[in-house]
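[1] everything below, folded, please.
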Amino acid sequence: METLQTQLQQLKQMIDSHHHIVALTGAGISTSAGINDLIHTSRETSSTLASEAVLESDPARFYQSMHQNFLDPIFNNGPTVAHRALAQLEKSGHLDAVVTTNVDYLHELAGNTKVADIWYSFNENYCLTGKHEYSIETLNQPGIPRCPVDGTLISPGPTYHHIGTLQTAIQNAIKWMNAADLVLVIGSNGYYDRVNTQVPMIQINPEPTEFDLQATLNIRATADEVLKDYVN
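    Numbering: from 1, shown residues only. Predicted structure coming up:
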């Protein structure tokens, strides 16, 4: 069995020898910030955060759960080492884009500029009339955020849209994946599977996933551990 150090050398060689790299990320890239993946999120929490009915009937409960599960980890702990590494790889010209099923907006906060947030993100938030849109900073405040124009409650984008698929992001994801000559799959369990199968794939995940057989290289370690050397 190859050692982790050997695999990291292979990773570096493949990154250096390819010119159109796209990263596909899932919940595993954000867990070190304290954001649970779906498997470790209780059904009650998931139901609360996905429901505008809960937001309207008990906004204090809704936002308490939102802060505990997402907003506090995002602003207090994120972006993670791996998020910052991907931002650095884009800045250095090695990474074309990121496709993510995460809603935490940590890629953009880290510095990535080409990101397909296919399930929406916390940077798209709407008052309940749907007439006004607000950024993630609106959610990062004490108390219950309300629209300063009409006074209605503000619904986080993934709740407002019920974690649907954002068509503009889907189109960008398809375009970027089709142009990729190397795909890095990081912490993803396969909720997005439109991956270019004609090019090499490197998977970074401590657990087996459906990408195992497709991957040219499977690195069984956390994203932070593998990508830490790419952070200046």
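
[2] who's sitting farthest from the centroid in this protein?
    residue 150 (31.2 Å; Cα atoms, centre = their mean).

[3] residues touching that residue, list them.
    Taking Cβ atoms under 8 Å, 6 or more residues apart in numbering, we find residue 150 in contact with 127, 129, 131-132. C-betas here are computed from N, CA, C, even on glycine.

[4] quick one: the helices in this protein?
    4-17, 43-49, 52-57, 59-66, 72-77, 81-91, 106-110, 157-160, 167-179, 223-227 (DSSP state H).

[5] okay if I get the ones you listed as TSV plus mean pLDDT and distance to residue 216?
    Shown next, in TSV, are the helices of the chain (pLDDT from 0 to 100; distance: least, Cβ to Cβ, whole Å):
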stretch	mean pLDDT	distance to residue 216
helix 4-17	97	8
helix 43-49	75	34
helix 52-57	92	43
helix 59-66	93	39
helix 72-77	96	32
helix 81-91	98	18
helix 106-110	98	24
helix 157-160	88	33
helix 167-179	95	16
helix 223-227	98	15
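
[6] how about those helices, which one is nearest residue 194?
    Residue 194 sits nearest to helix 167-179 of all the helices of the chain, at 6.2 Å, using Cβ to Cβ.

[7] what is the closest one packed up against?
    Packed against helix 167-179, as judged by 3 or more Cβ pairs under 8 Å, 6 or more residues apart in numbering; DSSP states H and E, are the following elements: strand 21-25, strand 95-100, strand 115-117.

[8] could you give the average pLDDT over the first one?
    What that stands for is strand 21-25. Mean per-residue pLDDT for strand 21-25: 98.

[9] ok, now the second one?
    Averaging the model's pLDDT scores along strand 95-100 yields 98.

[10] buried set for that strand?
    95-100 (16 or more other Cβ atoms under 10 Å).

[11] do the same with the first one
    Counting neighbours by 16+ other Cβ under 10 Å, one finds that the buried residues in strand 21-25 are 21-25.

[12] got it, and stretch 57-72?
    Those would be 59, 62-63, 65-67, 69-71, for stretch 57-72 by 16+ other Cβ under 10 Å.

[13] then stretch 108-120?
    108-110, 112, 115-120.

[14] perfect, that will be all.
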